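Chemist: how does the following fold in three dimensions:
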Amino acid sequence: MEKNDVVVKIIEAVIDTKINDYTQNLFNLGLDSLGVLKLVTLIEDELKIEIDDNDLTIENMSSVNAVIKLVNKYYV
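Modeler: Residues are numbered from 1 along each chain as shown. As a prediction, this is how the structure comes out:
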């Protein structure tokens, strides 16, 4: 499975919603601060990366596209 697909599946599992529009605001779909922590932990575990705390911003967690962009920063 492609890393972007993994990210999408993790996000969908955390917010318990199927996402068709990757620009849609995840916070409007129910993502909250605990969900962000769960999301980051699952992504780090699944993709074997470590996301810096400074990158855990509302902007970086705001949409599927934003999360994928953040993951790509760490995925070499």
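
Chemist: once you drop chain neighbours, what's closest to the residue nearest to the spatial centre of the chain?
Modeler: In the chain, the residue lying closest to the centroid (CA atoms, centre = their mean) is residue 67, at 4.3 Å. Excluding its sequence neighbours, the residue lying closest to residue 67 (CB to CB, 6 or more residues apart in numbering) is residue 7, at 5.8 Å. From N, CA and C alone the C-beta is placed, and that goes for glycine too.

Chemist: for the one you found, give its distance to residue 59.
Modeler: 16 Å (CB to CB, to the nearest Å).

Chemist: burial check on the closest residue in space to residue 8 that isn't next to it in sequence, number of neighbours?
Modeler: Spatial nearest neighbour of residue 8, excluding adjacent residues (CB to CB, 6+ apart): residue 64 at 6.0 Å. Using other CB atoms under 10 Å, residue 64 has 20 neighbouring residues.

Chemist: can you show me the CA trace of stretch 19-31 as PDB?
Modeler: Taking Å, rounded to 0.1, in the frame of the first residue of the first chain, the C-alpha atoms of stretch 19-31 are listed here in PDB:
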ATOM      1  CA  ILE A  19     -13.100  11.100   3.000                       C
ATOM      2  CA  ASN A  20     -13.600  11.900  -0.600                       C
ATOM      3  CA  ASP A  21     -12.300  15.500  -0.700                       C
ATOM      4  CA  TYR A  22      -8.700  15.700   0.500                       C
ATOM      5  CA  THR A  23      -9.000  19.500   1.000                       C
ATOM      6  CA  GLN A  24     -11.900  19.100   3.400                       C
ATOM      7  CA  ASN A  25     -11.100  20.500   7.000                       C
ATOM      8  CA  LEU A  26     -10.500  17.500   9.300                       C
ATOM      9  CA  PHE A  27     -11.500  19.500  12.400                       C
ATOM     10  CA  ASN A  28     -14.900  20.100  10.800                       C
ATOM     11  CA  LEU A  29     -15.200  16.300  10.400                       C
ATOM     12  CA  GLY A  30     -14.600  15.700  14.100                       C
ATOM     13  CA  LEU A  31     -10.800  15.600  14.500                       C
END
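
Chemist: what mean pLDDT does that stretch have?
Modeler: What stretch 19-31 shows for mean pLDDT is 97.
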